[in-house]
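[1] Turn this into a structure:
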Amino acid sequence: MKTPGVSESDFVTLGSLVPNLLDHLIEGCQLISADWRYLYVNESAARQGLQTRAALIGRTMEEAYPGIEKTPMFTELERCMRERTRTCMENEFVFPDGSHGWFELRFEPVPGGVFIFSQDISERKRAENELKTMVKVLELINSSETRDELLKAILHFLQNWSRCEAIGIRLKEGSDYPYFLTSGFSDSFVKQEMHLCTYNHTGGAICDSEGIPLLECMCGNILQERCDPAKNFFTSDGCFWSNCTSELLAATTDAERQARTRNRCNGEGYESVALIPLRSGNNTFGLIQLNDKHKNCFTADMITICRRIADHVAVFLAKKQAEEALHKSEYRFRLMAETINDVFWLCTRAIDKMIYVSPGYEKLWERSTESLYKSPQSFIDPIHPDDRAMLMTSLKQFHQAGQPYEVEFRIVKGSGEIRWVCARGFPVSDAKGAENLMTGLCTDITEDKHAESEKNRLEEQFHQAQKLESIGQLAGGVAHDFNNILSVQLGYCELMLEELKEEDPFAQNLLQIKICAERAAVLTRQLLAFSRKQALQPVVLDLNDVVANIEKMLRRLIGEDIDFIMVLREDLGRVKVDPGQIEQVIMNLAVNSRDAMPDGGKLTLETANVVLDEEYARKHVDAIAGPHVMLAVTDTGCGMDEATKLRLFEPFFTTKGPGKGTGLGLATVYGIVRQSGGTIWVYSELGRGTTIKIYLPLINAEAESINRQEIESVQGNGELILVVEDESGLRKLFAQMIEKLGYRVFAAGNGGEALIAVEEEKLRPDLLITDVVMPGIGGKVLAERLTRTNQNLKVLYISGYTANAIVHHGVLDANLAFLQKPFNKNELAAKIREVLGK
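    Okay, here's the model as predicted:
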C-alpha cells in the first residue's frame, strides 16, 4: 500500500535525508521495512534498545531481539504494517540482559514500511510505580495497630509486589536476629538459618574483642554494617543484592567466602537475593530478606523502593518500641495523669488525706486541687443532691468489704451546668503491704450519656417508622381488596338508581346504601394514602397558591372562636406534589389543631424556605439534607405526651371520644407527605400546644396551573371498548356502565382472553380499559403487546392501587391515563372521552 503522491524513488530519497534530519533528536527514530528489517536507526533509538546502530541496521527485529515477535508491541506493529493505520502505545520492553524499560511508541505507516518514534518514559513510570507502592505501604502502616499486624501485612505485600518465591523478616531478640516471619522458605532452611549468633558450650553468644556478639552470614554483615559500598553488591545505604549468587561466589576469594558467611542461600538454589536492613536512627531492628531461584529478579529501582519501605517500617517499629518503653515507666503514668481529662486520684481509705489528684479535677469539678488537698471530702459538695446517697452507699460498702466499686452520678458546676461522671475505686496496698489506700478514676461520661440518649431516640424513631411501614402494607392490601367490593356496590347502586324514580322507596334505600359505600370509599382512599399505595399526579406548584385556594374553606372549618393566622413567605420555593393531596394534608392538620382547642385559641399556618443540614438529617430518620420548603401548622391547644406522639400517625389511633374521629386524618397526612418525598415531624408538650412541620424537597422549576375542570358525563358514538378485569362482578358492572354510555363493549376475564380476541378473532378495539394487577399477564404487559400491532389503540388503566406496575414510587408515569377505583359512571365517562379524544 502506497501513500498517495509518494513514489518508490521518493521513499529512497527520504531514506537518504533521514539521518540528517533525525540523528540529533533525543527521541528514538526507527525505519522498519516490510520484511521487518531495520533500514534506519538513530543514536537515541539504538541507545534505548541497548544496542549499536551497526548491530541493528540490516537485521530483522527478530534477529536483533529474539522473542520480540511474541510481544504486544510487535502485535500492534504488525497491525500498523497490515492496516496502514497510525497508532501509539506505552510498552514495557524486556532487554536480553533481563532489564526493563518503558517507552511511549508511535507507529506511522510510510511507503514500504513503518516509522517508529520512541520516547523513554522509564523514569516517569518508575516514579509512578514507586508512588503507588509507597502509598499502599503507608496505608498498611496507618491501618496497623500492632507490630505483628503490620509485619504480616508487609510480608504479604512484598511477596505480591516483588513476586519473589521467598520472603523473610528478622527481628532483634536479645543479641540475636532470628526469623520473625517467613513465607516460601522450606522448614529445613528456616530451622538451619533461624539464628545468626554462634553460641559457646555454656550457651552464651560468642563476641568479638569489643564484646559485640558475632553475627554470621551475609545477614549478619548487613545488620552489623560490615559492608563496602565500593563493591557493586552493596549499596551506599547498607543493603545487599545480587541477581546471580553463583557468579558472585565465583568472583569472590576463598577468604571472603569463609568470612562469617554460610552461603546457604546459594546452596538452596537461590540466585536472586536481597537483604534490606530495618534501621531507624542508631537502632537496627532487623532486616527484610527477598529470595528467588530465578536470576535477574531485582533492579536498582526495586532495591531503592525496598529500602524506603524498610525505612517506614523501621520508624513504625521505633515508635512502637518507644510506646512500650513509655508504658513501663513511671513517666508514662505521670504524663497520662497530667494530660488526660479523666481525674486520677490516690487517697487514704478513710478519705481523710488526699495523696494525689490529677489536674483533670479542676476542669471537671471546677474546683482547685489545692482545696481538695486541704479538705479531701469536699469533692462531695458539687454532687447532685439526688445522687449523693447512692455514692455514699458505694463508699460505705468499699470501706466495709474492700471491694472495687463503680458508680455513676451527676455533678452541678458553679455555672449550673450538669455533668455525668463515672467513678471507679480500687483498694491499694501501701509500702508496708497493708491495704490502707484507695485509688480511682473519675471520667466525664456526659457525651456518652447524651449519645446513648440520642441513640435510643433514633432507634425509637426507626422502630416507629418500621411499625408504620408494616401497618401501611397491611392497610394498603386491605384497602385494595375493599376497593373492588366497593366498586361493585357503588356501580350497581348507580345503575339501579338511574332506573328508579326519585320518589320510589327502593330508590331511597339504594341511596342510603350508596352514601354508606361512598363513605367507605373515602376511608379506603385514606388507607391507601397512609400506605403510600395511592397514585399521585404531582405538578410543580407554590404552596402559597394552594393555601390561597382553600383559605375560605379553612376558615369555615376552623370556626370563629379560633384566631387563624397565615405567615406565608413571599419568595417561596416550588415543590412537586399532587395539588389535591396537599390540600387534604393542610385541611387534616387544620382540623386536628381545631379539635385540640375546644375553648378557642390561635392556629398559625406558616410557609418558609429552609435548608436541612447534615446534623439535622442524622438526628431525624428519613430526613434528607438540602433545600426544602416548610409547611408548619401550630396551635395553642392541649398538646400531647411522648406516648401519644409515638402513635400519632398510626391508622385508627385517636385521642377523641367514641364516634368523634376515624383516626385516619394524621395517618393520611403522614402517607401523603412520605409518598411525596417529604418528611414530617411533631413538636409538642402537654398543655403547651403542638407544631407539626412538613419539609418538602425544593424544586427549581416554574409552577404549573392547578385549575380543575368539572366532571361531565359524555355519551359515546359506538366506539368499541375492550374491558379486561379479572374480578367477575366488576367486569360485568363496567360492561353495563360503558354500554349505557353509548359504546360497544367486549369484556375479557384476563390478559390471555384479550390477546386471543385481538390476535385470533381479529377484534379491533378503539380503547383498552384494563386492570393493572391481574393473574398471568398484567395490564401494562397486555397494553404493550396490543399497541405493538395497533398503534392507534388508546389505553386506560384502572386499579385500587398499582403496586408499582405503572406507578413509580406512587407517581403516575407520564402520558399514562389512570382511573383509581372506586369511580362512578360520570367519572368513567369523562375519562373515556378524555382518552379517546387525545
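[2] Counting neighbours, what do you get for residue 368?
    11 (other C-beta atoms under 10 Å). Any C-beta I mention is one placed from the backbone N, CA and C, and that applies to glycine too.
[3] Kindly report the same for the one 5 residues further on.
    For residue 373, the number of neighbouring residues by other C-beta under 10 Å comes to 15.
[4] Could you pull up the contacting residues of it?
    By C-beta atoms under 8 Å, 6 or more residues apart in numbering, the contact set of residue 373 is 354, 357.
[5] per-residue confidence for it?
    For residue 373, the pLDDT comes out at 89.
[6] Can you identify the element that follows the helix or strand containing residue 552 toward the C-terminus?
    Take DSSP states H and E as the rule and residue 552 turns out to sit in helix 551-558. Next in sequence after helix 551-558, counting helices and strands by DSSP H and E, comes strand 562-568.
[7] Tell me what angle that next one forms with helix 551-558.
    Relative orientation of strand 562-568 versus helix 551-558 (axes from the mean of the first three to the mean of the last three C-alpha atoms, to 10 degrees): 150 degrees.
[8] which parts of strand 562-568 are buried?
    Using 16 or more other C-beta atoms under 10 Å as the test for burial, strand 562-568 gives 562, 564.
[9] now for it, which elements pack on it?
    helix 543-549, helix 551-558, strand 601-612 (3 or more C-beta pairs under 8 Å, 6 or more residues apart in numbering; DSSP states H and E).
[10] on that earlier part again, list the buried residues of the helix holding residue 552.
    554, 558.
[11] what's that helix packed up against?
    strand 562-568, helix 579-595.
[12] which residues in the stretch 251-400 of the chain form strands?
    272-280, 283-292, 343-348, 354-357 (DSSP state E, counting those that start in this stretch).
[13] if we can go back for a sec, compare the helices and strands packed on helix 551-558 and report which one is nearest to residue 352.
    The minimum distance between residue 352 and the helices and strands packed on helix 551-558 falls on helix 579-595, with 63.1 Å, by C-beta to C-beta.
[14] from memory residue 414 sits against residue 366, does it?
    Yes. Between residue 414 and residue 366 a contact is recorded at 5.4 Å, counting by C-beta atoms under 8 Å.
[15] The two - which one has more neighbours?
    Shown here are residue 414 and residue 366; by other C-beta under 10 Å, residue 366 has more neighbours (15 against 9).
[16] ok, for the more buried one, nearest residue in space, not its chain neighbours?
    Once flanking residues are discounted, residue 366 sits nearest to residue 413: 4.9 Å by C-beta to C-beta, 6 or more residues apart in numbering.
[17] gap between the one you found and residue 374?
    20 Å (C-beta to C-beta, to the nearest Å).
[18] For the two, indicate the residue with more neighbours.
    A side-by-side neighbour count of residue 413 and residue 374, using other C-beta under 10 Å, places residue 413 first with 13 against 10.
[19] Model confidence score at the more buried one, please.
    On the pLDDT scale, residue 413 gets 83.
[20] Can you pull the phi and psi angles for it?
    When read as degrees, to the nearest 10, the backbone of residue 413 gives phi -80, psi 170.
[21] can you pull the contacts of it?
    365-366, 382, 419.
[22] When you filter the residues you listed down to buried only, what's left?
    By 16+ other C-beta under 10 Å, the contacts of residue 413 give 365, 382, 419 as buried.
[23] pretty sure the first one is touching residue 381, no?
    It stands for residue 365. No. With contacts counted by C-beta under 8 Å, residue 365 stays clear of residue 381, the gap being 9.1 Å.
[24] where in the stretch 401-550 of the chain is pLDDT low?
    Under the criterion pLDDT under 70, the flagged ranges of the stretch 401-550 of the chain are 430-435, 455-483, 517-537.
[25] Pop out the phi and psi values for the closest residue to residue 746 other than its chain neighbours.
    Spatially, and ignoring its direct neighbours in sequence, residue 746 is nearest to residue 722 (5.2 Å; C-beta to C-beta, 6+ apart). Per-residue torsions, residue 722: phi -100, psi 120 (degrees, to the nearest 10).
[26] Quick check, residue 722 in contact with residue 753.
    No. The pair residue 722 / residue 753 is not scored as a contact, 10.0 Å apart, by C-beta under 8 Å.
[27] the more surrounded of these two?
    Comparing residue 722 with residue 753 by other C-beta under 10 Å, the one with more neighbours is residue 722, at 24 against 16.
[28] so how far is residue 781 from that one?
    15 Å.
[29] and what of residue 147?
    64 Å.
[30] higher neighbour count, these two?
    Neighbour totals were compared for residue 147 and residue 781, and residue 147 leads with 18 against 14 (other C-beta under 10 Å).
[31] so what's the more buried one up against?
    Residue 147 neighbours (C-beta under 8 Å, 6+ apart): 316-317, 320.
[32] now residue 410
    383-384, 386-387, 418-421.
[33] Distance of residue 282 relative to residue 195?
    Counting by C-beta to C-beta - residue 282 and residue 195 are separated by 24 Å.
[34] ok, those two, which is more surrounded?
    Between residue 282 and residue 195, residue 195 has the larger neighbour count (other C-beta under 10 Å), namely 19 against 5.
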